[in-house]
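Novice: attaching a predicted model along with its sequence, questions to come.
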Amino acid sequence: SFPGGRRDPADGDAVATALRETREELGVAVAPTGVWGQLRTLPDRHGMTVAPVVANLGPLEALTLNPNPDEVEEVFTLPLAHLLREENQGYTHFRTASGYGYTLPVFLNGPHKVWGLTAIITELTLELLVPGRY
């Protein structure tokens, strides 16, 4: 999943929360000028509202990640080209106890499977970054 968490009283808005959480969880300080924008808010499975923020972190080769072991088990990245290959894209079908069914995107990468809210945010981001290719 992406860095994230609850808004602190000191956070001015969703962008400030996203930048703070990224710094706390990954040890990456993102300048407010690196923020490209905010996607539409989404509900999570617990009824909370998630406000995804998209930012440019620069080249991955120049990025030093220092994950907080209390909050992050593992870090991996996926290149845009990998996400755009059809063999790495799929959908997962769910059915609730009441019989209601829904479908969510999934992205495959070896032992890692990006699914759930993270895959939804990834899909929304791809639709903005490469319209017509995804």
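Specialist: That came through, no problem.
Novice: make it CA atoms for all contacts and neighbour counts henceforth
Specialist: Will do.
Novice: now do the strands in this protein.
Specialist: All strands of the chain, identified by DSSP state E, fall at 35-38, 42-43, 49-50, 53-55, 89-95, 101-109, 112-114.
Novice: mean neighbour count, those strands: which tops it?
Specialist: Among these, strand 53-55 has the highest mean neighbour count (mean count of other CA atoms under 10 Å), at a mean of 18.
Novice: report the mean confidence score over that strand.
Specialist: Strand 53-55 carries an average pLDDT of 96.
Novice: just checking: what are the partner strands of that strand?
Specialist: strand 35-38 (antiparallel) (DSSP bridges).
Novice: could you give the mean pLDDT of the strand it pairs with?
Specialist: Rounded mean pLDDT across strand 35-38 is 96.
Novice: from the middle of its chain, how far away would it be?
Specialist: Taking CA atoms, centre = their mean, to the nearest Å, the mean C-alpha location of strand 35-38 is offset from the chain mean by 13 Å.
Novice: for stretch 115-127, same thing?
Specialist: For stretch 115-127, the distance to the chain centre is 7 Å (CA atoms, centre = their mean).
Novice: Ala16: neighbour count?
Specialist: Neighbour count of Ala16, defined by other CA atoms under 10 Å: 16.
Novice: how far away is it from Ala62?
Specialist: 23 Å (CA to CA, to the nearest Å).
Novice: which residues touch stretch 78-90?
Specialist: Stretch 78-90 is contacted by residues Pro105, Val106, Phe107, Leu108, Asn109, Arg133, Tyr134 when judged by CA atoms under 8 Å, 6 or more residues apart in numbering.
Novice: can you give me the buried ones in that stretch?
Specialist: For stretch 78-90, burial by neighbour count (16 or more other CA atoms under 10 Å) applies to Leu83, Gln89.
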